[in-house]
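*Asks:* Provided below are the primary sequence and the corresponding predicted coordinates.
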Amino acid sequence: AQPAAPAPISAPLRDLEIGQLNFLHTTDTHGWLAGHLQEPSFSADWGDYISFASRMREKIEEQGRDLLVIDTGDRVEGNGLYDSSKPKGIYLSEILRHQHIDVITSGNHELYQHNTSEAEFLTTVPNFRASYLASNIDIYHPVTSELVPLAPRYRKFTTKNQGIRIVAFGFLFNFNGNYNNTVVQPVEETIKQAWFQEAIQMTDVDLFLIAGHVPAHSSEYRAIYREIRKFRWSTPIQFFGGHEHIRDYAQYDSKAVALASGRFMETIGFMSIDGLSTSKQPDTSSNPVFKRRYIDNNLFSFYHHTGLDHDSFPTEKGRNVSRLITDARRALRLDTVHGCSPRNLWMSRVPYPHADSIYSWLAKEVLPDSLKDENRGSVPAVAILNTGGIRFDVFKGPFFQDTAFIISPFSNKFRYVKNVPYEKVQLIIEVLNKQKKVLGAPREDVASLDSLAPPEKLSHSSGALSEQESMAAVYGVASHQVPLISRRDDDSIIPGYTTKDDAGTDGDDTIHFPVSYYEVPNVFQALLSADESSPPETVDLVYIEFVEPYLALAAKFARLDADIPKESEEYMPSMGMTELIIDWVQKHWKCE
Ligand SMILES: Nc1ccn([C@@H]2O[C@H](COP(=O)(O)O)[C@@H](O)[C@H]2O)c(=O)n1
């Protein structure tokens, strides 16, 4: 773990059930390779994970069984370790590559920017060679400009000890917010292609392995499942997914399941399968048994599951990688303290608006104080920001350089349109928050207004949680994420994930009591340079650039006669959201 990481807190644990074939799974790590330095439950780093995978492999292989390691993308954007270097990501790929990964795929965040997908193509794909799969992503080659697959479409391999014959794929959900140097083919089209048809109709396959940056419960995975079942009605299928940042498990039939393993290095997903046919014992009538576990990413859990301790657990490679992370964090000055937060500020543990909501803090304090374009003098303005642009909570106490990138990693700029009636702005906000879809939207990604909000909200609208569970979540019953820990006086149980999935309520390795979850709107607004007692007649409509396509459609819906992409200009060009927050904290949150 990192020198500054808090020690994990002991808690009651459920064991892992080792099978014939076992998996460790990460997804949506978003640069959190140092682990969580303010949360004991998630305080292990990528070096510890390397030791964990290696020790688990030793334990499993001693029994003649197999272990595969999977990562399903969104490794970038979301933490100072990735976002604060110039250029972004110069330390991350070197740290990542030391983990042995058997199947690795791309997420949407690897494709938002031109240079991110090129770095993927030129560095991460070669680093992981045959393990990187891209079944539905192409890239314009940086040198030849030819459209080529980002990585191989699929891979057939046989496991080392058991001889399990696997055909593996690597998918991305139907994403179209990518920069124009990549092409993401819709999953439903990809599965009609000859290469996919040939791959799923191969004989001598004991398991189809679908890794992807795709929610466990999703139309994309259902389409793949149906296509495979048309030809292979009884071959076991193991899906690994992500994107919604939740722990989730879907049972498609008795031989086909999907696991999603959370976000931000909070969770190491574990799966085991028993009863598979193998090259040594081909038996098509096998009845596999699937077991899943969501491991809290901390050393207490790792020691328990490996049966090792402080001295026997770490591997040399793991220790070296932890050191690499420490060095990178030092070079990036991520421990620099800009101020001290007087209270916790939550994304979804309190409703919005609320005195302890991070969005209320931004809307009422940070933006009115700091978002000002000198060229606009005292013209009143309303700023519209998507809640999904804010990625994490702020904890009471030191506000580090890293904290700024953790809560606001994206390099989105502000833009504005002049002279917009205040009433129209309010109508636009209502459309963005209340309408499920903007009517007549020309592009699928733009149509889904849920993409403006944090990804966890998607699981509520996509049905990963039942309506009842979703309501329970909104009313603060279901758990979602864990803030700074305080033990309940009466017992050893600490707050944390209490996941409910298709297999029940026993998935989490650590037994927790739940924390509350409230749904947030898609966008929130801040009134700038205005007398709050009476609303202005017209305002500058300021917005964070990620919302532009959605805003343009909502504006049409609200009958605002303006072509927003064409008529808008940069607002306060010198500052992005991250710098603005740092600046505000330095001025307002002195440490005592
Ligand atoms: N430049 C960006 C990129 C993304 N967002 C927000 O993040 C969401 C996607 O994140 P996932 O981890 O779910 O893939 C996206 O829908 C936006 O809400 C952003 O604000 N700016």
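*Replies:* Received the coordinates, thanks.

*Asks:* how much space is there between residue 207 and residue 187?
*Replies:* In this view, residue 207 and residue 187 are 20 Å apart by Cβ to Cβ, to the nearest Å. Glycine gets a C-beta too; all of them are placed from N, C-alpha and C.

*Asks:* Which one's more surrounded, these two?
*Replies:* residue 187 (24 against 21; other Cβ atoms under 10 Å).

*Asks:* For the more buried one, what are phi and psi?
*Replies:* Backbone geometry at residue 187, expressed as degrees, to the nearest 10, gives phi -60, psi -40.

*Asks:* Equivalent analysis for residue 50, please.
*Replies:* Reported as degrees, to the nearest 10, the phi and psi values for residue 50 are phi -60, psi -40.

*Asks:* who are the neighbours in contact with it?
*Replies:* With contacts taken as Cβ atoms under 8 Å, 6 or more residues apart in numbering, residue 50 has the following neighbours: 98-99, 315, 317-318, 321.

*Asks:* Please name the nearest non-neighbouring residue to residue 392.
*Replies:* When the adjacent residues along the chain are set aside, residue 392 lies closest to residue 406, with 4.7 Å between them (Cβ to Cβ, 6 or more residues apart in numbering).

*Asks:* Residue numbers of this protein in contact with the ligand?
*Replies:* Applying Cβ under 6 Å from any ligand atom, one finds that the chain approaches the ligand through 74, 108-109, 112, 243, 386, 388-389, 410, 412, 451-452, 455, 546.

*Asks:* Give me the subset of those residues that lies in strands.
*Replies:* When DSSP state E is applied, the residues of the chain next to the ligand are split such that residue 386 fall in strands.

*Asks:* Which single one of the residues of the chain next to the ligand is nearest to the ligand?
*Replies:* residue 388 (2.2 Å; Cβ to the nearest ligand atom).

*Asks:* returning to what we had before: among the residues of the chain next to the ligand, which ones are in helices?
*Replies:* Helix and strand membership here follows DSSP state H; of the residues of the chain next to the ligand, not one is in helices.

*Asks:* what kind of secondary structure is the residue nearest to residue 392 in?
*Replies:* Reducing the assignment at residue 406 to three states with DSSP: H, G, I helix; E, B strand; the rest coil gives helix.

*Asks:* if I read this right, residue 199 contacts residue 154, doesn't it?
*Replies:* Yes - Residue 199 sits in contact with residue 154 when judged by Cβ atoms under 8 Å, with a separation of 5.1 Å.

*Asks:* Mind listing the shared neighbours of those two?
*Replies:* Overlap between the contact sets of residue 199 and residue 154, as judged by Cβ under 8 Å, 6+ apart, is given by 167, 169.

*Asks:* What about the nearest residue to residue 9 once chain neighbours are set aside, how many residues nearby?
*Replies:* Using Cβ to Cβ, 6+ apart and skipping the chain neighbours, the partner closest in space to residue 9 is residue 40 (5.0 Å). Using other Cβ under 10 Å, residue 40 has 20 neighbouring residues.

*Asks:* Could you shift the numbering so residue one becomes 37, and keep it that way?
*Replies:* I'll keep to 37 as the first residue from here, and by that count the last item is residue 76.

*Asks:* Run through the residues that contact residue 76.
*Replies:* By Cβ under 8 Å, 6+ apart, the contact set of residue 76 is 42-45, 334, 521.

*Asks:* Equivalent analysis for residue 89, please.
*Replies:* Listed by Cβ under 8 Å, 6+ apart, the contact set of residue 89 reads 60, 103, 105, 135-136.

*Asks:* how about a markdown table for those residues, with pLDDT added?
*Replies:* Below are the contacts of residue 89 laid out as a markdown table (pLDDT from 0 to 100):
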| residue | pLDDT |
| --- | --- |
| 60 | 99 |
| 103 | 99 |
| 105 | 99 |
| 135 | 98 |
| 136 | 98 |
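
*Asks:* Mind checking which of those land in strands?
*Replies:* 60, 103, 105.

*Asks:* The ligand versus the first one, what's the distance?
*Replies:* Taken as Cβ to the nearest ligand atom, to the nearest Å, the spacing of residue 60 relative to the ligand amounts to 21 Å.

*Asks:* bridging residues for that residue?
*Replies:* Taking DSSP bridges, one obtains residue 105, residue 306 as the residues bridged to residue 60.

*Asks:* what's the neighbour count on it?
*Replies:* Residue neighbour count, defined by other Cβ under 10 Å, stands at 24 for residue 60.

*Asks:* ok, back up a step: what's the most distant pair in the residues of the chain next to the ligand?
*Replies:* Farthest apart among those by Cβ to Cβ are 279 and 448. That separation is 19.8 Å.

*Asks:* Skipping adjacent residues, who's closest to residue 41 in space?
*Replies:* In space, and not counting its chain neighbours, residue 41 is closest to residue 79: 4.1 Å by Cβ to Cβ, 6+ apart.

*Asks:* The one you found touches residue 45, doesn't it?
*Replies:* No - at 9.7 Å, residue 79 and residue 45 do not qualify as touching, with contact defined as Cβ under 8 Å.

*Asks:* More neighbours: which of the two?
*Replies:* For the pair residue 79 and residue 45, the greater number of neighbours falls to residue 79 (26 against 17), based on other Cβ under 10 Å.

*Asks:* The more buried one: what's it in contact with?
*Replies:* By Cβ under 8 Å, 6+ apart, residue 79 lies in contact with 37-38, 41-44, 71-73, 333-335.

*Asks:* Neighbour-wise, give me the winner out of the residues you listed.
*Replies:* residue 333 (30 neighbours).

*Asks:* Backbone dihedrals for that residue, please?
*Replies:* phi -80, psi 80.

*Asks:* pLDDT wise, what is it at?
*Replies:* On pLDDT, residue 333 comes in at 98.

*Asks:* So it sits against residue 303, correct?
*Replies:* Yes - applying Cβ under 8 Å, one finds residue 333 in contact with residue 303, separated by 6.3 Å.

*Asks:* Name the spans of the stretch 137-286 of the chain whose pLDDT lies under the cut-off.
*Replies:* Residues of the stretch 137-286 of the chain that meet the criterion pLDDT under 70 are absent altogether.

*Asks:* show me where it has helices.
*Replies:* 150-155, 161-164, 223-226, 230-236, 255-267 (DSSP state H, counting those that start in this stretch).

*Asks:* Fine by me, thanks again.
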